[in-house]
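K.L.:
Based on what follows, work out the 3D shape:
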Amino acid sequence: MAAQFDKIAIWLVAFIPMPVVQALGCFHGDDRDFSSDPGEQRFRVRSDIVVSGFLAGDPQETDFHQCGETLELSCATGEVLARKTAGTDGMSFHHFSVGSTFPAPEGGVVDNPNEFCVNFLYDGAVNNPLVPGSPDVDMNAFFTIDPIGRTVSLRGATNAFPDYEAYTSVEDGPPEVLFQQRHTRDPINGLPGGADQAVSVTVSI
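P.N.:
Take a look at the predicted model:
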């Protein structure tokens, strides 16, 4: 058995689908629906990871995080009152591991299909930089990449607001959807508290 590809990219995104959202003031949204376009720049939060080196038996990762600019608007006129971009300190891929098992940080061991699998965790928490103390946009996930069975598995959770999406691309090929999760609450009720909207998928790649 051998790895079936050398490189895979994964990106996770949180975005506000409406053009304007009202929560502790009026703020510009991202005004879009789900998009698998890797060049899409309308988002609140985006995290990218690229894992390469599977064919050599030594996969390594590089990652990158970014936040979209937040614009506070006049609720009456739509005039821009303030603008600021949140920091990325609360976003990270971590516990990168290669092997037939993964020592889960919360305890116990996760069994993988083979010794070439890659596991890692993701945590993202970013709030409105113009409203000190505002609740975070939360997203977390546990990933398993199987380069022999050609699957990506993701198990995690999001908040109930805003919308969330994740995609993958093998060898810079066409994007495949990992998940698309539409909001079920407004920002006042959907953001407080940790991520509690479960996501669990396994996708063939």
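K.L.:
for residue 188, helix, strand, or coil?
P.N.:
Following DSSP: H, G, I helix; E, B strand; the rest coil, the label given to residue 188 is helix.
K.L.:
nearest residue to it other than its sequence neighbours?
P.N.:
residue 23 (5.5 Å; Cβ to Cβ, 6 or more residues apart in numbering). C-beta: built from backbone N, CA, C; applies to glycine.
K.L.:
My guess is the one you found contacts residue 187. True?
P.N.:
Yes. The pair formed by residue 23 and residue 187 meets the contact definition of Cβ atoms under 8 Å, at 3.9 Å.
K.L.:
hmm, back to that, what about the residue nearest to residue 188, distance to residue 200?
P.N.:
28 Å (Cβ to Cβ, to the nearest Å).
K.L.:
Bridge partners for residue 139, pull those for me.
P.N.:
When bridges are called by DSSP bridges, residue 139 pairs up with residue 124, residue 158.
K.L.:
number of nearby residues for it?
P.N.:
26 (other Cβ atoms under 10 Å).
K.L.:
And residue 190, by the same measure?
P.N.:
20.
K.L.:
could you list every residue that touches it?
P.N.:
Counting by Cβ atoms under 8 Å, 6 or more residues apart in numbering, residue 190 touches 159-162, 183-184.
K.L.:
ok, and what's touching stretch 132-142?
P.N.:
With Cβ under 8 Å, 6+ apart, stretch 132-142 has contacts from 12, 14, 24, 44-45, 90, 104, 119-128, 154-159, 162, 164, 166, 191-195, 199.
K.L.:
Tell me the gap between stretch 139-157 and the middle of its chain.
P.N.:
With Cα atoms, centre = their mean, to the nearest Å as the basis, stretch 139-157 stands 12 Å off its chain's centre.
K.L.:
contacting residues around residue 4?
P.N.:
Applying Cβ under 8 Å, 6+ apart, the residues near residue 4 are 147-148, 150.
K.L.:
Hmm, I typed the wrong one, I wanted residue 176.
P.N.:
167-170, 203, 205.
K.L.:
what do you get if the cut-off is 10 Å, keeping everything else the same?
P.N.:
Counting by Cβ atoms under 10 Å, 6 or more residues apart in numbering, residue 176 touches 10, 36, 152, 166-170, 203-205.
K.L.:
Could you do residue 115 as well?
P.N.:
1, 57, 98-101, 148 are the contacts of residue 115 under Cβ under 10 Å, 6+ apart.
K.L.:
Need the pLDDT of it.
P.N.:
Residue 115 carries a pLDDT value of 93.
K.L.:
Residue 23 and residue 187: who's more crowded?
P.N.:
residue 187 (22 against 18).
K.L.:
pretty sure that one contacts residue 16?
P.N.:
Yes. With contacts counted by Cβ atoms under 10 Å, residue 187 reaches residue 16, the gap being 8.2 Å.
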